[in-house]
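[1] Output the structure for:
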Amino acid sequence: MSPAASRRPPLLLGARAVALVIVTIMTVYFLVTDAVRSDNPFLVPDLVLSATLLVSALLPQRLAPVALIFSFGWAAGVYTTSMCTHIINGRFPVDHVFLLIFCVGVPLLLARDLVRPRVAGASEPADRPSTVAESAVLA
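    Modelled structure (predicted):
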């Protein structure tokens, strides 16, 4: 098994855990605030981000990484828009910053893992050529 393949389950497990934590945070938010009301412009986007994160976290290992990247991207867009709305209204929502760190960082790690070549017997990434030109020279 290649080193990249051996790292995938813990990374995917961590991404699933982060997604479920965010879903839990959103569920508590809906239950303890007055967010579920018809004049809340973020109600539908918040519900969609919660649903996509939940479904993505529960998908099989083959489908989950791409679905999680999409779901975290959606969540990052919703949280960024909400944060900007708060900033325009004179408040700085620190909680949004923490959510955004995870909503941007986790999909970056997943995407990096997806594009990393999976070659049987390959050594660590530092031993591979870093550019196409180096690949041509080494060939």
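
[2] Can you tell me the element residue 61 falls in?
    For residue 61, there is no helix or strand it lies in under DSSP states H and E.

[3] next one: phi and psi at it?
    phi -60, psi -30 (degrees, to the nearest 10).

[4] In the chain, what residue spans correspond to helices?
    3-32, 43-58, 64-88, 94-115, 132-138 (DSSP state H).

[5] Averaged pLDDT, the last one. What do you get?
    For helix 132-138, the mean per-residue pLDDT is 52.

[6] thinking again about what came up before, any chance of CSV for the helices of the chain, columns mean neighbour count?
    Heads up, the C-betas are built off the backbone N, CA and C, glycines and all. Conversion of these to CSV gives the following (neighbours: other Cβ atoms under 10 Å):
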stretch, mean neighbour count
helix 3-32, 15
helix 43-58, 18
helix 64-88, 18
helix 94-115, 16
helix 132-138, 9
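
[7] which stretches of this protein have low pLDDT?
    Along the chain, segments meeting pLDDT under 70 span 1-9, 117-139.

[8] Who are the contact partners of the nearest residue to residue 87 once chain neighbours are set aside?
    Among residues not flanking residue 87 along the chain, residue 93 sits closest, at 7.9 Å (Cβ to Cβ, 6 or more residues apart in numbering). Applying Cβ atoms under 8 Å, 6 or more residues apart in numbering, we find residue 93 in contact with 82-83, 86-87.

[9] and what of residue 97?
    Applying Cβ under 8 Å, 6+ apart, the residues near residue 97 are residue 83.

[10] Perfect, I'm done here.
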